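**Student:** predicted model, plus sequence, below.
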Amino acid sequence: MRIARYTTGEDPAYGIVQEKDGRDMVYGITGDPLYTEIRPTGRILPLDGVRLLAPVIPRSKVVCVGRNYAEHARELGNEVPEQALFFLKPNTAVVGPGEPVMLPAYSREVSLEAELAVVIKHMVKDLTPEQVPAAILGYTCANDLTARDAQRDESQWFRAKAFDTSCPLGPWIETDLDPSSLRIGSAVDGQSAQDGTTADMLRPVAELIAEISHVTTLLPGDVVLTGTPAGVRTVEAGSTVDVTIEGIGTLTSPIVRR
Ligand code: ZN
């Protein structure tokens, strides 16, 4: 099932995206599927007639992991860390599909990072990897935009990773997906940049989320980004970036500089 959040100019609403007679439609549902049972409103709209929003606004945080693909660690000249390298993005970094990424004024080197995003369903703490699947609502595409120059200059990655619009999410949450071996990639203006597989994660989804849950309580709607494969590159204002994950879809973001 694909859970989308959308607007037609009014308040944001949730819907299920489903094909009907060869056309993608949005079937409206009541409430927020994180907190209420999925019940149809009876409102059905063509997908191309609505504006999709970020499918979730993280309740408290986006937890990210650095260097979770060996090839990507190597391309930036880094060792694969023995201890997982975690960091946070605030929920103010999140934007939806098609929403512009604003390059921060202090950076000349903002890079894309295609990542599988996991949306948490329940409040959880101290999970074993076996308990993780039951805590997951579903998966979406993410772009962990990174000011690489600020990242090199500072040991804390707040300016590098937490700036407004640095976390596009979307286009929807796919609830029925095995994350263990999905093709994941990015493109700039239609030209392929990254092309990897989630099978290359050093720490797979269940292990990663279990470990994070031993540090911090995860709340419904929190999001975990699972690292990026090799092939990252700098993006310039005026370009358009796609993140595509097999079984989910494509998240598109125009890049702008104010
Ligand atoms: Zn990343």
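**Tutor:** Everything's here; your move. Residues are numbered from 1 along each chain as shown.

**Student:** which residue is the nearest non-sequential neighbour of residue 73?
**Tutor:** residue 67 (4.0 Å; CB to CB, 6 or more residues apart in numbering). Backbone N, C-alpha and C define where each C-beta goes, glycine included.

**Student:** so what does that neighbour look like in phi/psi?
**Tutor:** phi 60, psi 50 (degrees, to the nearest 10).

**Student:** now swap in residue 92 and tell me
**Tutor:** Residue torsions, per degrees, to the nearest 10, at residue 92 are phi -70, psi -10.

**Student:** and it, how many neighbours does it have?
**Tutor:** For residue 92, the neighbour count with other CB atoms under 10 Å is 14.

**Student:** which single residue in the protein comes nearest to the ion?
**Tutor:** Using CB to the ion, the single residue of the chain nearest to the ion is residue 144, 3.4 Å away.

**Student:** hang on, the residue nearest to residue 73 packs against residue 74?
**Tutor:** No: the pair residue 67 and residue 74 does not pass the contact test of CB atoms under 8 Å, sitting 9.3 Å apart.

**Student:** flag every residue of the chain that's near the ion.
**Tutor:** Counting by CB under 5 Å from the ion, the residues of the chain close to the ion are 113, 144, 228.

**Student:** just the closest of those to residue 236, please.
**Tutor:** Of all the residues of the chain next to the ion, residue 113 has the smallest distance to residue 236: 15.9 Å, by CB to CB.

**Student:** the closest one: how many residues sit nearby?
**Tutor:** Neighbours of residue 113 (other CB under 10 Å): 25.
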